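K.L.:
sequence isn't available, so here's the structure alone:
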């Protein structure tokens, strides 16, 4: 069973807004691209994006286990996830901006090693694990059944758009990085957008019946 077009479009819009919001991964991709070159930035960015596959697997297994154990437990996960997203949103809304892109801090490596470092860094990040467990279930419609397959599809969509956007960030890293450094408050508005989305998702869960 495929997720509905409405599910996919709503999720994709939120995922893109979250991905472009300033964060450790995309700022590192910009830094690598600016200091090493386009190919290096793209390699590191693709590694970071594909690291989301491991989080997709964990989220799929975790959500499926909760559904099998108790629908009430799944509801509890969504509630806690909503609170977590609201907390993230408030943090983003309180951001003062001032984002700057500098050196990447990584030693000179081959494209393969940069890809592997991006993949590894994202895969072992516990904050990303928690984010996926909180974020993906918000777009799962339990009444449609096959929750694990819905969760997997959402994770694949997130990974695909991450690959595209991080690849573009790496390719255009020089121009994008210079623009951000000339407009340091641009990150402030991107944070505001992401923060509003996070809070909105959390509140939607809290008022939903």
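P.N.:
Thanks, I have the structure now. These figures come from a predicted structure and were not determined experimentally.

K.L.:
for this structure, just list every one of the strands.
P.N.:
With DSSP state E, there are no strands along the chain.

K.L.:
so in it, which helix runs the longest?
P.N.:
helix 147-171 (DSSP state H).

K.L.:
if I look at the residue nearest the centre of the chain, how far off is residue 182?
P.N.:
When Cα atoms, centre = their mean is applied to the chain, the residue found nearest the centroid is residue 19 (5.1 Å). Look at residue 19 and residue 182: by Cβ to Cβ, to the nearest Å, they are 22 Å apart. To be clear about C-beta, it is placed using only N, CA and C from the backbone, and glycine gets the same treatment.

K.L.:
over to residue 36?
P.N.:
Shown here: residue 36 relative to residue 182, a distance of 21 Å by Cβ to Cβ.

K.L.:
more crowded one of those two?
P.N.:
Per other Cβ atoms under 10 Å, whichever of residue 36 and residue 182 has more neighbours is residue 36, with 21 against 8.

K.L.:
with adjacent residues omitted, what lies nearest to residue 62?
P.N.:
Spatial nearest neighbour of residue 62, excluding adjacent residues (Cβ to Cβ, 6 or more residues apart in numbering): residue 133 at 5.9 Å.

K.L.:
pull the number of nearby residues for the one you found.
P.N.:
Residue 133: 20 neighbours (other Cβ under 10 Å).

K.L.:
that one touches residue 56, doesn't it?
P.N.:
No - counting by Cβ atoms under 8 Å, residue 56 is not a contact partner of residue 133; they are 10.7 Å apart.

K.L.:
so what's the residue nearest to residue 49 when sequence neighbours are not counted up against?
P.N.:
Distances taken as Cβ to Cβ, 6+ apart put residue 162 closest to residue 49, at 3.5 Å, once the chain neighbours are dropped. Applying Cβ atoms under 8 Å, 6 or more residues apart in numbering, one finds that residue 162 lies in contact with 15, 19, 48-49, 52.

K.L.:
could you report the pLDDT at residue 162?
P.N.:
Looking at residue 162, its pLDDT is 93.

K.L.:
residue 126 too?
P.N.:
Reading off the model, residue 126 has pLDDT 69.
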